[in-house]
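Asks: Mind folding the following:
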Amino acid sequence: KLSSNMANGLFSAISAVYKALRARLTREGIHVGSTADYPRVEIHSIVESAWMDKGHTLKSISCIVECISARRMQDVMDMSEENLSRMLGEALNLGEGWKVVGIVAGQLQELTETTETQAILYRLLQNVTIYVEQING
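Replies: Residues are numbered from 1 along each chain as shown. Just a heads-up that it's a prediction; the model follows:
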């Protein structure tokens, strides 16, 4: 016998989480994903856990929310703080049969790199884990 979640065909929450994060982090002056412009935020390295409970309703999704600027390190720090405020503030609305039950900000990593054109890129990578629960429609 299939669980009600399996019968609904809702096995993965990645799409719902990505869409909700992208919508939440989009704001004037900041590009989110799918562009080469700066300053920008990219959501990547998304990993979804197996079911975390016997009832097959709870999963975790970890990802990196990366801030990139070609101007200065303070820009990526400010963007990252704003991202955290937006993610940890009002609950993300996932729709698509999922709800967020918790968000935990993890490791933060700074990277500075020189591109082929000798431009300096400032990057700040924030690891985030989002706990989601499948809800019955």
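Asks: tell me which strands and helices the longest strand seen in the chain is in contact with?
Replies: Taking residue count as the measure and DSSP state E as the definition, the longest strand of the chain comes out as strand 98-114. Contact analysis of strand 98-114 by 3 or more CB pairs under 8 Å, 6 or more residues apart in numbering; DSSP states H and E lists helix 14-25, helix 73-88, strand 120-134 as its packing neighbours. (C-beta placed from N, C-alpha, C; glycine too.)
Asks: any weak-confidence spans in the protein?
Replies: When the per-residue scores of the chain are filtered using pLDDT under 70, the ranges that remain are 1-10, 118, 137.
Asks: Show me what stretch 84-102 is in contact with.
Replies: When contacts are taken as CB atoms under 8 Å, 6 or more residues apart in numbering, the neighbours of stretch 84-102 outside the stretch itself are 8, 10, 13, 15-17, 19-21, 24-25, 27, 58, 65, 103, 105, 126, 128, 130-137.
Asks: And for stretch 31-43?
Replies: Contacts made with stretch 31-43 from outside it, assessed by CB under 8 Å, 6+ apart, are listed as 18, 21-22, 25-26, 29-30, 63-71, 75-76, 79, 83, 121.
Asks: Let's see that with 6 Å instead.
Replies: Outside of stretch 31-43, the residues that reach it under the criterion CB atoms under 6 Å, 6 or more residues apart in numbering are 21-22, 25-26, 30, 63, 65-70, 75.
Asks: Only the buried members of these: can you turn that into a ChimeraX selection?
Replies: Applied in ChimeraX, the following selects the buried portion of these according to 16 or more other CB atoms under 10 Å:
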select :21,25,30,63,65,66,67,68,69,75
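Asks: Brilliant, that's me finished.
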